[in-house]
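A.B. asks: quick one, structure for this:
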Amino acid sequence: MSSLSLVEKNKQLIYRLMEEVDKGNVDVVDEFYAPAYIDHNPSAIREMLPGLEGIKHVFKLLYAAFPDTAHKIEDIIAEGDKVAVRISATATHTGEIFGVQPTGKKVELSSIVIFRIVDGRIIERWVAQQGPGVLQQIGATVPITSSIKHQTAGNNF
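C.D. replies: Numbers count the residues shown, from 1 in each chain. As a prediction, the model looks like this:
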């Protein structure tokens, strides 16, 4: 039996990441992301806390507000240490986030994401999102804090 190529392992890592995010399993962040992870297109919500703790914080906030989030990888292409995915996501706003009480509103998100993976962990990420982000769709805004450097509208997953 032949083992998977590095490219195939990297693609599988992204599939597994999406599965765990949809389950709300933030404990796997350390498994999937390298400590030196760089987000080249951070959203305001992702900049609330730095590093891996920030990723965990974002996942917890979003999962609490949108527990039925379902990501679908529409396309996945990989070469070398990079994996490019076209992802769609749907969710229902059933939990409070940033003072916005549950609306029951269904939200949708579509993005193209490029991940760079080194030694089996995500080290860099670039995102191009289509349309408004989930927070915009429910009328929420990220609180302004001194740790937020950029306000990238809509880039919330």
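A.B. asks: compute the first-to-last residue distance for stretch 99-110.
C.D. replies: In terms of C-alpha to C-alpha, to the nearest Å, the two terminal residues of stretch 99-110 are separated by 25 Å.
A.B. asks: show me which residues of it are buried.
C.D. replies: Of all the residues in stretch 99-110, those buried under the rule 16 or more other C-beta atoms under 10 Å are 107, 109. Where you see a C-beta, it was placed from the backbone N, CA and C, and this is true even at glycine.
A.B. asks: ok, then the element right after the lengthiest helix in the chain?
C.D. replies: Of all the segments assigned as helix in the chain under DSSP state H, the longest by residue count is helix 6-23. Elements were assigned by DSSP states H and E; along the chain past helix 6-23, the next helix or strand is helix 29-32.
A.B. asks: tell me what that next one is packed against?
C.D. replies: When contacts are defined as 3 or more C-beta pairs under 8 Å, 6 or more residues apart in numbering; DSSP states H and E, helix 29-32 packs onto helix 6-23, helix 51-65, strand 121-130.
A.B. asks: export the ones you listed to JSON lines and append columns for distance to residue 72.
C.D. replies: Output for these, formatted as JSON lines (distance: least, C-beta to C-beta, whole Å):
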{"stretch": "helix 6-23", "distance to residue 72": "8"}
{"stretch": "helix 51-65", "distance to residue 72": "17"}
{"stretch": "strand 121-130", "distance to residue 72": "14"}
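A.B. asks: may I see those organised as TSV, with mean pLDDT added?
C.D. replies: Written out in TSV, the entries for the helices and strands packed on helix 29-32 read as follows (pLDDT from 0 to 100):
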stretch	mean pLDDT
helix 6-23	96
helix 51-65	89
strand 121-130	93
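A.B. asks: against residue 102, how distant is residue 29?
C.D. replies: In this structure, residue 29 lies at 25 Å from residue 102, with C-beta to C-beta, to the nearest Å as the measure.
A.B. asks: what do you get for residue 83?
C.D. replies: Distance, residue 83 to residue 102, by C-beta to C-beta: 34 Å.
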